[in-house]
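Chemist: here is my input; please provide its structure:
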Amino acid sequence: MISKKQLKANQENAKLGGVKTEAGKSVSKFNAQTHGIMRQSIVESEKENFQTIFTELFEYFKPNGIIENLLVERLSIYYLKLLRTQKAESGYINGILNTSIIDFASRSKNKSRLGSENIGILCDIYSRYETTVENKFFRAFHELERIQMGSFGKNNINL
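Modeler: This next block holds a predicted model:
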């Protein structure tokens, strides 16, 4: 049990809190929409693209409640990760095809090719990562779809 003096001090301190600056207010206005923990994996150059994806998915699904908001946020993150994977794979292939290797014995330049070693890397790393992200995307999509179709009661959440 806290004393009356401590209670009064807490109430006075509570009046001092809150966001004061416009920059702080512009950030905090999204606090109720979603918790944002998944957004920590977004780099600065992706923020605008992420916001576009999130907004479109938010408007499409019209999430209701924290669970649906979380699933829309996850879909946005997974979609962004799929785009990253495609860019990385494309960059890898372009790097292999456009890299000149100097053969010092013959002093000639040979264009590198997409050989079995590089195909193995593409299949092993990029394809596996893409499959993992796609599985997560569709799992979140199906969960959201199931919730929105009424598989869960309003007060009966079975996760």
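Chemist: can you tell me the SS state at Gly120?
Modeler: helix (DSSP: H, G, I helix; E, B strand; the rest coil).
Chemist: export the helix or strand hosting Gln11 as PDB, just CAs?
Modeler: Using DSSP states H and E, Gln11 falls within helix 4-16. Extracted as PDB, the C-alpha positions of helix 4-16 are listed here (Å, rounded to 0.1, in the frame of the first residue of the first chain):
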ATOM      1  CA  LYS A   4      -1.100   9.500   0.600                       C
ATOM      2  CA  LYS A   5       2.100  11.600   0.300                       C
ATOM      3  CA  GLN A   6       3.500   9.200  -2.400                       C
ATOM      4  CA  LEU A   7       0.100   9.000  -4.200                       C
ATOM      5  CA  LYS A   8       0.000  12.800  -4.400                       C
ATOM      6  CA  ALA A   9       3.600  13.000  -5.700                       C
ATOM      7  CA  ASN A  10       2.800  10.300  -8.300                       C
ATOM      8  CA  GLN A  11      -0.200  12.300  -9.500                       C
ATOM      9  CA  GLU A  12       1.800  15.500  -9.700                       C
ATOM     10  CA  ASN A  13       4.600  13.700 -11.700                       C
ATOM     11  CA  ALA A  14       2.000  12.200 -14.100                       C
ATOM     12  CA  LYS A  15       1.000  15.700 -15.100                       C
ATOM     13  CA  LEU A  16       4.600  16.400 -16.300                       C
END
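Chemist: and it, average pLDDT?
Modeler: Mean pLDDT, computed over helix 4-16, is 80.
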